[in-house]
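**Q** Below are the sequence and a predicted model; questions follow.
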Amino acid sequence: MRKALVVGINDYPNAPLRGCVNDAVAISNIFATHGDGAPNFGIKLITSPGEAVTRSRLRGEIETLFSGDPDIALLYFSGHGLITSLGGFIVTTDFKKYDEGVSMDDILNLANHSKAKDKIIILDCCHSGAFGSPTITGSNVAQLSEGLSVLTASRDSESALEINGCGVFTALVVSALQGGAADLRGHITPGGIYAYVDQALGPWDQRPIFKTNVTRFTSLRTITPPVSHATLRKLIEYFPRPQDEHKLDPSYEFTEPTADPKRVAIMKDLQRFVSVGLVVPVNEEHMYFAAMNSKSCRLTAVGFQYWRLVKEKHL
């Protein structure tokens with residue numbers, strides 16, 4: 001069982017935002033299903049305007065999210081963030097001085113004590129990088145229980161920007177979940193999302209933060225892989241040892257009179273591997289010339305990793 005609480009707040013008195021509801025709706029839509037349309041997370045979407053998101057209500061919703069023992073409990077928040085002498089806060093619509101919203105330390109405590117196998121917290125708000133390091137400790141050391149991962153839009157000292165009606169960070173997260181961060185098996189993980197967002201933001205932009213304490217692979221969404229698992233498993237057939245080269249000749253090329261249907265089929269698989277960086281031709285620029293000139297092809301470093309996954313029956 002996977003459940004997600006998705007919150008977007010635009011409607012702050014005297015300090016309205018424009019993109020947070022758009023962000024929450026986009027995140028809700030992308031997490032609701034996998035790439036093939038199969039159900040993924042059970043989503044509870046809360047947005048303002050539309051409903052009041054008071055501190056007491058949001059605190060209660062977060063406590064409910066982390067109750068029980070689901071496979072994954074995911075919290076997403078887009079709105080104002082604030083840091084005070086008491087630590088970081090996600091700001092609610094009823095904020096007032098000295099009572100601005102839900103404390104990030106309180107959320108951390110709920111997540112750390114949750115029985116959910118995986119806890120994922122994604123914050124798109126200013127100063128969100130403060131999450132995970134309890135203020136009471138007086139240090140910047142993160143204290144995450146096993147299974148907890150945190151993705152935030154910026155450092156604790158930084159703002160999180162909106163552009164064209166959506167958060168910069170959330171737009172990248174959505175793009176990552178659409179497939180930009182998928183591995184060759186079609187899985188999208190918190191680490192993959194962070195790598196995707198990190199590469200898209202330069203050193204002068206807001207810097208995303210990733211904190212995690214996990215001991216196992218967690219896929220947040222899957223898409224149709226660019227190469228089927230059945231085809232990937234042929235890596236050990238075409239390359240019995242990872243250092244082997246697969247010899248080619250004109251019979252692999254379907255345009256040649258000597259074309260062998262079995263070898264033509266192998267060539268199609270090898271070209272799929274080339275397209276995703278698993279295989280390269282040796283001493284030729286293209287596979288076509290490698291076949292026509294009776295050269296060969298070999299595994300890349302990434303190809304060796306997937307060869308090993310197949311060999312060890314992890315794929």
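**A** Alright, I've got the coordinates. Residues are numbered from 1 along each chain as shown.
**Q** residue ranges with poor pLDDT in this structure?
**A** Scanning the chain for pLDDT under 70 picks out the ranges 134-141.
**Q** Quick check: what element follows the strand ranked longest in it along the chain?
**A** When every strand of the chain is counted residue by residue (DSSP state E), the longest turns out to be strand 87-96. With elements assigned by DSSP states H and E, the helix or strand that comes after strand 87-96 is strand 99-103.
**Q** Would you mark the buried spots in the lengthiest helix in the chain?
**A** Among the elements of type helix in the chain, defined by DSSP state H, the one spanning the most residues is helix 261-275. Of the residues in helix 261-275, those buried under the neighbour-count criterion (16 or more other Cβ atoms under 10 Å) are 263-264, 266-267, 269-274. Every residue, glycine included, has its C-beta placed from N, CA and C.
**Q** repeat for stretch 30-47
**A** Within stretch 30-47, the residues that count as buried by 16+ other Cβ under 10 Å are 30-32, 34-35, 40-41, 43, 45-47.
**Q** Please convert these to JSON lines, extending it with distance to residue 278 and secondary structure.
**A** Rendered in JSON lines, the data for the buried residues of stretch 30-47 read as follows (distance: Cβ to Cβ, whole Å; DSSP: H, G, I helix; E, B strand; the rest coil):
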{"residue": "30", "distance to residue 278": "27", "secondary structure": "helix"}
{"residue": "31", "distance to residue 278": "29", "secondary structure": "helix"}
{"residue": "32", "distance to residue 278": "32", "secondary structure": "helix"}
{"residue": "34", "distance to residue 278": "24", "secondary structure": "coil"}
{"residue": "35", "distance to residue 278": "21", "secondary structure": "coil"}
{"residue": "40", "distance to residue 278": "27", "secondary structure": "coil"}
{"residue": "41", "distance to residue 278": "31", "secondary structure": "coil"}
{"residue": "43", "distance to residue 278": "35", "secondary structure": "strand"}
{"residue": "45", "distance to residue 278": "39", "secondary structure": "strand"}
{"residue": "46", "distance to residue 278": "43", "secondary structure": "strand"}
{"residue": "47", "distance to residue 278": "43", "secondary structure": "strand"}
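**Q** Distance to residue 188 added to the buried residues of helix 261-275, as JSON lines?
**A** What follows is these, written out as JSON lines (distance: Cβ to Cβ, whole Å):
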{"residue": "263", "distance to residue 188": "35"}
{"residue": "264", "distance to residue 188": "34"}
{"residue": "266", "distance to residue 188": "30"}
{"residue": "267", "distance to residue 188": "30"}
{"residue": "269", "distance to residue 188": "25"}
{"residue": "270", "distance to residue 188": "26"}
{"residue": "271", "distance to residue 188": "25"}
{"residue": "272", "distance to residue 188": "21"}
{"residue": "273", "distance to residue 188": "21"}
{"residue": "274", "distance to residue 188": "23"}
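**Q** Identify, from these, the entry nearest to residue 242.
**A** When the buried residues of helix 261-275 are ranked by distance to residue 242 (Cβ to Cβ), residue 273 comes first, at 13.2 Å.
**Q** Mind telling me what element the spatially closest residue to residue 277 that is not a sequence neighbour is part of?
**A** Distances taken as Cβ to Cβ, 6 or more residues apart in numbering put residue 302 closest to residue 277, at 5.3 Å, once the chain neighbours are dropped. Taking DSSP H and E as the criterion, the element that holds residue 302 is helix 301-311.
**Q** helices or strands next to that helix in the packing?
**A** Packed against helix 301-311 by the contact rule (3 or more Cβ pairs under 8 Å, 6 or more residues apart in numbering; DSSP states H and E) you find helix 235-238.
**Q** what separates the helix it packs on from the chain centre, distance-wise?
**A** Mean C-alpha position of helix 235-238 versus that of the full chain (Cα atoms, centre = their mean, to the nearest Å) differs by 30 Å.
**Q** Going toward the C-terminus from that helix, what's the next helix or strand?
**A** Beyond helix 235-238 on the C-terminal side, the first helix or strand identified by DSSP H and E is strand 245-247.
**Q** Perfect, that will be all.
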